[in-house]
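In: Need the 3D shape of this:
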Amino acid sequence: LKKVKYVIVDEIHSLAENKRGVHLSLTLENLQNNCSDNITRIGLSATIAPLEEIAKFLVGNTRDCKIADVRFDKNYDLKVLCPVGDLIGSPYFEIHHNLYSLIDKLIQEHRTTLIFTNTRSATERVIHHLKEKFPQSYTENIGAHHGSLSKTLRHSIENRMRNGELKVCVSSTSLELGLDIGYIDLVICLGSPKSIARLSQRAGRSGHKLHETVKARLIVLDRDDLVECAVMLKLAVERKIDKINIPKNCLDVLAQQIYGIIISERMHIKDLHSLVKRSFCYSDLSYGDFMRVIDYLSGKYISLEERNVYAKIWYDEETGMVGKRGKLSRVIYMTNIGTIPDESTIQIKVGDEVVGAIDESFLERLKRGDVFVLGGQRYEF
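Out: Presented below is the predicted three-dimensional model:
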């Protein structure tokens, strides 16, 4: 990677607001430290604010950058819909029946529809109920797209959407970003997307061409969602986007990154500190906090050994040099890298074909002969 010249961070808004972005920020500084030339960093996003702060997040503290604000104001056709006249007094079965009748009506009025739910289980429920209630309308022309499905199945859904073979696709969050799935007439959001940026991102999957109208419908099932979605819709139409809060001084990510940097080369403590401070996420990190992380990694707190937490690096206070400790340091680092928590999932196979995965806790409740839904299809355990 020493000859890297460009780094493009696509959909930068989805990284900047969480610890994945903090991890990326330090990784970019470490990459720059190992490259012979200055790297040009390019960040892309369709829905982001504030631009100046995100620019600093991308390039770090000591560099200037150019901001190209090329927002193209498209026409919006957004509405909040409610399946019943009285959300508080209507019984559940009536709301449930009217909800799917409304969804079916909207789908039939358009050529292709993309439905967003907020969870994977809700995605499966929507497809299952549409197939149950309207068997003549939904057979092979409906599909699911979410992270628990195998890559092969997800690619198949994307290709079928592009080829116009699917009338409707139901997704949790996996189709929010810029995957090419062809032209979408209508986006339906079931429940609140929880942020204006996310609403704009989801709605923007429809009318995805210049001069086309973005068309989306938010369907609400309780009064809290109704209030939230109404406010969100007003702000989206006014082109206001919620501001991102970038996490600062995350010591857990810092400990992991220092360990990763030291595995590659010995460094002087001051060089290491200045490398860390070049990241926007650590621009105001105190030297005291930095040294406490070094003390932790070098095993200064002996009491931690009782909990099987051992020294990962050595620090020589006289020379100021820092280096790795132990032959397995690279293995330990590579098997624990990242900020996304590990999930215990079980692979689902039909014959030799992998169709997806389910949570371990879900598998524990299954008995032989039980039927479950995955990707809109039924499988027997």
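
In: Count the neighbours of Arg162 for me.
Out: For Arg162, the neighbour count with other CB atoms under 10 Å is 14. For every residue, glycine as well, the C-beta is placed using N, CA and C.

In: tell me the contacts of Val84?
Out: Neighbouring residues of Val84 by CB atoms under 8 Å, 6 or more residues apart in numbering: 90, 94-95, 98.

In: now these in TSV, with neighbour count and secondary structure?
Out: Shown next, in TSV, are the contacts of Val84 (neighbours: other CB atoms under 10 Å; DSSP: H, G, I helix; E, B strand; the rest coil):
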residue	neighbour count	secondary structure
Ser90	15	coil
Glu94	13	helix
Ile95	16	helix
Asn98	16	helix
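
In: Surely Asp73 touches Arg239?
Out: Yes. Between Asp73 and Arg239 there is a contact under CB atoms under 8 Å: 7.0 Å.

In: Those two: which is more packed in?
Out: Taking neighbours as other CB under 10 Å, Asp73 and Arg239 compare with Arg239 leading, 11 against 6.

In: Dihedrals phi and psi, the closest residue to Asp37 other than its chain neighbours?
Out: Spatially, and ignoring its direct neighbours in sequence, Asp37 is nearest to Lys5 (6.4 Å; CB to CB, 6 or more residues apart in numbering). With angles defined as degrees, to the nearest 10, Lys5 sits at phi -110, psi -30.

In: Distance check, Lys5 against Ile42.
Out: Computed with CB to CB, to the nearest Å, the distance linking Lys5 and Ile42 is 11 Å.

In: Looking at those two, which one has more neighbours?
Out: A count of neighbours by other CB under 10 Å puts Ile42 above the other of Lys5 and Ile42, at 15 against 10.

In: Need the nearest residue in space to the more buried one, chain neighbours excluded.
Out: Spatially, and ignoring its direct neighbours in sequence, Ile42 is nearest to Ile8 (4.7 Å; CB to CB, 6+ apart).

In: Over to Pro83?
Out: Nearest to Pro83 is Asn98, by CB to CB, 6+ apart, at 3.7 Å.

In: Quick check: the gap between that neighbour and Ile219.
Out: For Asn98, the distance to Ile219 - CB to CB - is 10 Å.

In: Common neighbours of those two, please.
Out: Pro83.

In: you'd agree Gly143 is in a strand?
Out: Yes. Applying DSSP: H, G, I helix; E, B strand; the rest coil, one finds Gly143 inside a strand.

In: What pLDDT is listed against the nearest residue in space to it that is not next to it in sequence?
Out: Nearest residue to Gly143, sequence neighbours excluded (CB to CB, 6+ apart): Ile157, at 4.4 Å. Note on Ile157: pLDDT of 90.

In: State whether Ile157 and Ile142 are indeed in contact, as I suppose.
Out: No. If you go by CB under 8 Å, Ile157 and Ile142 don't touch, sitting 10.0 Å apart.

In: who's more crowded, those two?
Out: Applying other CB under 10 Å to Ile157 and Ile142 shows that Ile157 carries more neighbours, namely 25 against 21.

In: in the helix or strand hosting the more buried one, what counts as buried?
Out: Assigned by DSSP states H and E, Ile157 falls within helix 151-162. Across helix 151-162, burial judged by 16 or more other CB atoms under 10 Å covers 153-154, 156-158, 160-161.

In: Over to the residue nearest to Asp69 when sequence neighbours are not counted: give its phi and psi.
Out: Residue nearest to Asp69 in three dimensions, not counting chain neighbours: Leu51, with 6.3 Å by CB to CB, 6+ apart. Backbone geometry at Leu51, expressed as degrees, to the nearest 10, gives phi -60, psi -40.

In: ends of stretch 295-314, how far apart?
Out: Stretch 295-314 has its terminal residues 9 Å apart, counting by CA to CA, to the nearest Å.

In: Just the buried residues of that stretch, please?
Out: Going by neighbour count (16+ other CB under 10 Å), the buried part of stretch 295-314 is 296-299, 311-314.

In: so how far is it from its chain's centroid?
Out: With CA atoms, centre = their mean, to the nearest Å as the basis, stretch 295-314 stands 33 Å off its chain's centre.

In: next one: stretch 121-136
Out: Relative to its chain's centre, stretch 121-136 lies at 25 Å (CA atoms, centre = their mean).

In: Would you mind listing the buried residues in that stretch?
Out: 122-124, 126-127, 129-131, 134.

In: repeat for stretch 75-82
Out: Across stretch 75-82, burial judged by 16+ other CB under 10 Å covers 76, 78, 80, 82.

In: Which one of those is nearest to Leu199?
Out: Nearest to Leu199 among the buried residues of stretch 75-82 is Leu78, at 8.2 Å by CB to CB.

In: what's the average pLDDT for whichever strand or helix holds the closest one?
Out: Per DSSP H and E: Leu78 is located in strand 76-81. Strand 76-81 comes out with an average pLDDT of 93.

In: For the protein, which segments count as helices?
Out: 13-16, 19-34, 51-59, 92-108, 120-133, 151-162, 196-203, 223-237, 251-264, 269-277, 287-297, 329-335, 360-364 (DSSP state H).

In: Start and end of stretch 167-181, how far apart?
Out: Termini of stretch 167-181 sit 12 Å apart (CA to CA).

In: Fine, thanks again, bye for now.
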